[in-house]
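> take this sequence and fold it.
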Amino acid sequence: MARQKRKAASADGTAQSAKRLNAGPPPHDLQKPPSHPPSFFDLVDRYPIYDRLCSVLPLDSAIKLSQTCRTLHSAFLRSWDVDKSLQRFVKHPLRLRSELGRHGSLIAGHFALQFFAREKWPDIRLSIYVDQGVASTAMLAYLSKEEQYTFKEIVPKFMEGRRPSNIDRKSAIILLRLTTTSPAACVLLDRATTNLFAQEGLHVKKVDSEKYLDTVLHKLYKRGWGLDDVPRDETTRNTSLLPMRRIGDRYTWQIQLPTQDVIPSTIPDSVLESSFFSIDGVRSSSRSSDRAQIRSYTLSAQLFSHIALMYSYLIANDIDPSRVDQIRQELSRNAMFDLFAMKAGDRPPWFQRNLLSSGRDFVLYDHDNVRDFKRPHYLRSRDDYMISMLKQFHRVRGQIL
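As a prediction, the model looks like this:
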């Protein structure tokens, strides 16, 4: 009898346990509280609290807060969502970024300023710098077919495309700048290019001609940017700005973008980060008043190409010309071995066996010849040598940038 009661009780307990399992979790107010309350870092990861905080903090304060730990640094980088910014112009930002990488193209101009400032300006265009030829043809075809842009040439080497915006009622405008040197060279040296520096909190707008100064200042001030005059000795070229800079140097403001599902660029980062340029301070007069002297800064560099290299490079004008000749001579000697190794029918039409001794070695580094040169797959490029020499020669105040 007792054994049967115990069995019945056991069966009843098993049934109750089954009911509890099938009944789902207990009501919210009956749930067991967590073993410890969530930390501030848990809240940062799970909720947009930090994102909201960064949107109202001054930039320098947000940067300092992000430097306290990895969690806040990762949350800080989420404030710059490039894909969200690009959605104003294209339906598939990842696809656009892949096309930029596939063709070695760059985005510059006011879109970059807006992106770094975490602002949305109503009247900007997306400026894309792309090599003229195969790359520009492919980019035009992609934007026209898949993004429904209609392009027209507004001035030589400038193609403007329009279509209704994805975000608002205004037209989305993409400006293709067709380059014959390299996108990086045009971005840095184009007189209409905006350049941003993070040294000493100074934002520099490059102005090469007085007629652009009024327009430049009006646009920047209208959008909340300001220019600060930097004291200098008027008898010298020197300012508190470094006279020489490099893309990606330790003074450059860099933001790491997510690259998942994005095709890598055909131009390695090491090549882009080996672009050096000079900064010269000049006084410009406003058109409205000849007495209004405002300091602006010009960027200058020389494009270096050679058939021994797969890529072109920018060299600051301040470098000793003899050092440039040293690099060029070394590359030319190696290039002649490469040309002799090619089959006679594959050699370029300007090839001669006595190029170096005849004084016609300039054909080896003529930019048009370099663009047209079809490099066989078995020839080794000397880009590693070029990058190492640039790092050795470009020194500022005793330190490599």
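> please report the distance of residue 380 from residue 338.
From residue 380 over to residue 338 the distance is 8 Å, taken as C-beta to C-beta, to the nearest Å. Any C-beta I mention is one placed from the backbone N, CA and C, and that applies to glycine too.
> between these two, tell me which one has more neighbours.
Each of residue 380 and residue 338 has its neighbours counted (other C-beta atoms under 10 Å); residue 338 has more, 17 against 11.
> who are the packing partners of the helix or strand hosting the more buried one?
In this structure, residue 338 sits in helix 321-341 according to DSSP states H and E. If contacts are counted by 3 or more C-beta pairs under 8 Å, 6 or more residues apart in numbering; DSSP states H and E, helix 321-341 sits against strand 289-304, helix 355-358, helix 383-393.
> mean pLDDT lowest where, among the ones you listed?
Here the lowest mean pLDDT among these goes to strand 289-304, at a mean of 70.
> what sits against residue 355?
Residue 355 sits next to 332, 336, 361, 363, 364 when contact means C-beta atoms under 8 Å, 6 or more residues apart in numbering.
> out of the residues you listed, which one has the weakest pLDDT?
Scoring these by pLDDT puts residue 361 last, at 84.
> quick one: contacts for it?
Residues counted as contacts of residue 361 (C-beta under 8 Å, 6+ apart) are 332, 355.
> how much space between it and residue 72?
Distance of residue 361 to residue 72, given as C-beta to C-beta: 55 Å.
> repeat that for residue 87.
According to C-beta to C-beta, residue 87 and residue 72 sit 26 Å apart.
> same check on residue 155?
The gap separating residue 155 from residue 72 is 46 Å, by C-beta to C-beta.
> between these two, which one's more packed in?
The residue with more neighbours, out of residue 155 and residue 72, is residue 72; 19 against 7, by other C-beta under 10 Å.
> go ahead and confirm that one touches residue 66.
Yes - counting by C-beta atoms under 8 Å, residue 66 is a contact partner of residue 72 at 5.2 Å.
> where does this protein dip in pLDDT?
Across the chain, the ranges flagged by pLDDT under 70 are 1-51, 54-55, 166-169, 190-217, 219-220, 222-241, 281-296, 394-401.
> got the domain ranges for it?
Domain segmentation of the chain under automatic domain parsing yields 39-79, 81-180, 304-400.
> okay if I get those as TSV plus distance to residue 253?
Formatted as TSV, those follow (distance: least, C-beta to C-beta, whole Å):
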stretch	distance to residue 253
domain 39-79	9
domain 81-180	7
domain 304-400	18
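> closest to residue 279 out of those?
domain 304-400 (9.1 Å; C-beta to C-beta).
> quick check: which of the domains of the chain is buried the most?
Among the domains of the chain, domain 81-180 has the highest mean neighbour count (mean count of other C-beta atoms under 10 Å), at a mean of 17.
> and that one, end to end?
Counting by C-alpha to C-alpha, to the nearest Å, you get 31 Å between the two ends of domain 81-180.
> residue 157 is in contact with residue 132, correct?
Yes - judged on C-beta under 8 Å, residue 132 makes contact with residue 157 at a distance of 6.8 Å.
> which residues sit in contact with the closest residue to residue 110 other than its chain neighbours?
Closest residue to residue 110 apart from its sequence neighbours, by C-beta to C-beta, 6 or more residues apart in numbering: residue 124 at 4.7 Å. Residues in contact with residue 124 (C-beta under 8 Å, 6+ apart) are 109, 110, 111, 114.
> and if we set it to 10 Å?
88, 89, 109, 110, 111, 112, 113, 114, 173, 219, 223 (C-beta atoms under 10 Å, 6 or more residues apart in numbering).
> residue 391: which of these is nearest?
Ranked by distance to residue 391 (C-beta to C-beta), the contacts of residue 124 are led by residue 112 at 25.9 Å.
> that closest one contacts residue 127, correct?
Yes - at 8.5 Å, residue 112 counts as touching residue 127 under the criterion of C-beta atoms under 10 Å.
> so how many other residues sit close to residue 258?
13.
> circling back to that earlier point, gap between the residue nearest to residue 110 and residue 117?
For residue 124, the distance to residue 117 - C-beta to C-beta - is 12 Å.
> try residue 260
Relative to residue 117, residue 260 is positioned 25 Å away (C-beta to C-beta).
> and what of residue 345?
For residue 345, the distance to residue 117 equals 55 Å [C-beta to C-beta].
> now swap in residue 348 and tell me
Residue 348 is 47 Å from residue 117, by C-beta to C-beta.
> so residue 262 touches residue 100, yeah?
Yes - Residue 262 lies in contact with residue 100 (C-beta under 10 Å); the separation is 8.9 Å.
> so residue 369 sits against residue 348, correct?
Yes - checked against C-beta under 10 Å, the pair residue 369 and residue 348 is within contact range at 6.8 Å.
> joint contacts of these two?
Shared contacts of residue 369 and residue 348, defined by C-beta under 10 Å, 6+ apart, comprise 307, 363.
> can you list residues touching both of residue 262 and residue 100?
Going by C-beta under 10 Å, 6+ apart, no residue sits against residue 262 while also sitting against residue 100.
> which parts of this structure are strands?
106-108, 126-131, 150-155, 158-164, 171-179, 244-246, 276-286, 289-304, 313-316, 395-396, 399-400 (DSSP state E).
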